[in-house]
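> okay, sequence plus prediction incoming.
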Protein chains: 2
Amino acid sequence: MSGGLNTQTEMEYCDTHEIHRERLQKVNEGMPDEEEISDLSDLFKIFGDSTRLKILFVLFEEEVCVCDLAELLNMTQSAISHQLKVLKQSKLVNSRRDGKSVFYSLADDHVRSIIAQGREHIEE
Amino acid sequence: MSGGLNTQTEMEYCDTHEIHRERLQKVNEGMPDEEEISDLSDLFKIFGDSTRLKILFVLFEEEVCVCDLAELLNMTQSAISHQLKVLKQSKLVNSRRDGKSVFYSLADDHVRSIIAQGREHIEE
DNA sequence: TAAACATATGAACAATCATTCATATGAACA
DNA sequence: TGTTCATATGAATGATTGTTCATATGTTTA
């Protein structure tokens, strides 16, 4: 990624039409800064993987340990563990150790709303 | 990806604790089928890129042609065009030709809600 | 019809990423 | 303390993906 919004600096418009100043102003007002857009795309990247989505759907119901997640989703303990690390780093899940097991749970309910909105769109 | 949920078939539980039938049942009820999860992750993948997010934020304000998008975002016409194709294939944007230019616009307002939910989560 | 402009697209390349494998850490128990 | 179970993690690998470059398609105008 090289640059962000370009409204202040000189630029060559399309030959047959112009971008008007007011329009540029309007676009600029609604556009979050580079950092927020980056954070936002990072967040959505997390949801952009089937395995992570499945983990989250399981956690919608209740907290589950790594071992059970692996069996439920029919995947390697290692694969699950790697993804749980990603989910934890993004603060989407919390973990709690109980003896040998580590139990993971949803961090908050924003996750539900985001995924719910996505599902609504899918249904068309 | 090898397999999906695993609740019917025989499986080895963790040695020190068991997954109970009722819990499995509950998880199964809330879990969408493999295809919906795949569609859902594909949808979120679209939002998981800064360039595409920026394009969408611009389109939140008004319809814009490829040329103007490229200048606004300070990117190649080709890069923008490729991403617009992705957005169009996912039915997130519509296009309309006007002479030499092609104008893109938001397909529906679900996009707004999904992104709005994401932003809420970011703010912490 | 030729030239110029706007957009689309295929191939190539670099970067990112999910999974696997091997192994390390941590906890319980004999 | 040694063994076993549960989880974490680093390196390697194959697959996916965003951008660039070159070029094709489509539209207008001289």
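Yep, that arrived.
> pick out the residue in chain A sitting closest to DNA strand D.
Nearest to DNA strand D, among the residues of chain A, is A:Cys67, at 2.7 Å (C-beta to the nearest atom of the strand). To be clear about C-beta, it is placed using only N, CA and C from the backbone, and glycine gets the same treatment.
> that residue contacts A:Gln77, correct?
Yes: with contact defined as C-beta atoms under 8 Å, A:Cys67 reaches A:Gln77; the gap is 6.7 Å.
> of the two, which one has the most company?
Ranked by neighbour count (other C-beta atoms under 10 Å in any protein chain shown), A:Cys67 and A:Gln77 place A:Cys67 first, with 20 against 12.
> what average pLDDT does stretch A:108-119 get?
Stretch A:108-119 shows a mean pLDDT of 94.
> so where is chain A shaky, pLDDT-wise?
Applying pLDDT under 70 to chain A flags residues A:1-21.
> now the helices for it?
Along chain A, counting by DSSP state H, helices occupy A:21-30, A:34-47, A:50-61, A:66-72, A:77-89, A:110-122.
> so does the third one get close to DNA strand D?
No: interface with DNA strand D: helix A:50-61 contributes nothing (C-beta under 7 Å from any atom of the strand), its closest point being 11.3 Å away.
> so how far is that helix off the chain centroid?
Chain-centre distance of helix A:50-61: 13 Å, with C-alpha atoms, centre = their mean, to the nearest Å.
> the fifth one now?
Mean C-alpha position of helix A:77-89 versus that of the full chain (C-alpha atoms, centre = their mean) differs by 15 Å.
> count the neighbours of A:Thr51 for me.
Using other C-beta under 10 Å, the number of residues around A:Thr51 comes to 18.
> try A:Glu124
Neighbouring residues of A:Glu124 were enumerated by other C-beta under 10 Å; the total is 7.
> quick check: A:Gly30 vs DNA strand C, distance?
21 Å (C-beta to the nearest atom of the strand, to the nearest Å).
> okay, now that residue: neighbour count?
Neighbours of A:Gly30 (other C-beta under 10 Å): 11.
> and for the one 4 residues further on?
Using other C-beta under 10 Å as the criterion, A:Glu34 is surrounded by 14 other residues.
> and what of A:Ile122?
A:Ile122: 15 neighbours (other C-beta under 10 Å).
> dump the residue contacts of it.
B:Glu36, B:Asp39, B:Leu40, B:Leu43 (C-beta atoms under 8 Å, 6 or more residues apart in numbering or on different chains).
> can stretch A:105-118 be said to contact chain B?
Yes: remark: stretch A:105-118 sits within contact range of chain B at A:Asp108, A:His110, A:Val111, A:Ser113, A:Ile114, A:Ile115, A:Gln117, A:Gly118, by C-beta under 8 Å from any C-beta of the partner chain.
> chain center to that stretch, what's the gap?
Between the centre of stretch A:105-118 and the centre of its chain there are 10 Å (C-alpha atoms, centre = their mean).
> ditto for stretch A:103-122
Centroid separation between stretch A:103-122 and its chain, computed with C-alpha atoms, centre = their mean, is 10 Å.
> could I get the buried residue list for that stretch?
Within stretch A:103-122, the residues scored as buried using 16 or more other C-beta atoms under 10 Å in any protein chain shown are A:Phe103, A:Tyr104, A:Leu106, A:Ala107, A:His110, A:Val111, A:Ser113, A:Ile114, A:Ile115, A:Gln117, A:Gly118, A:His121.
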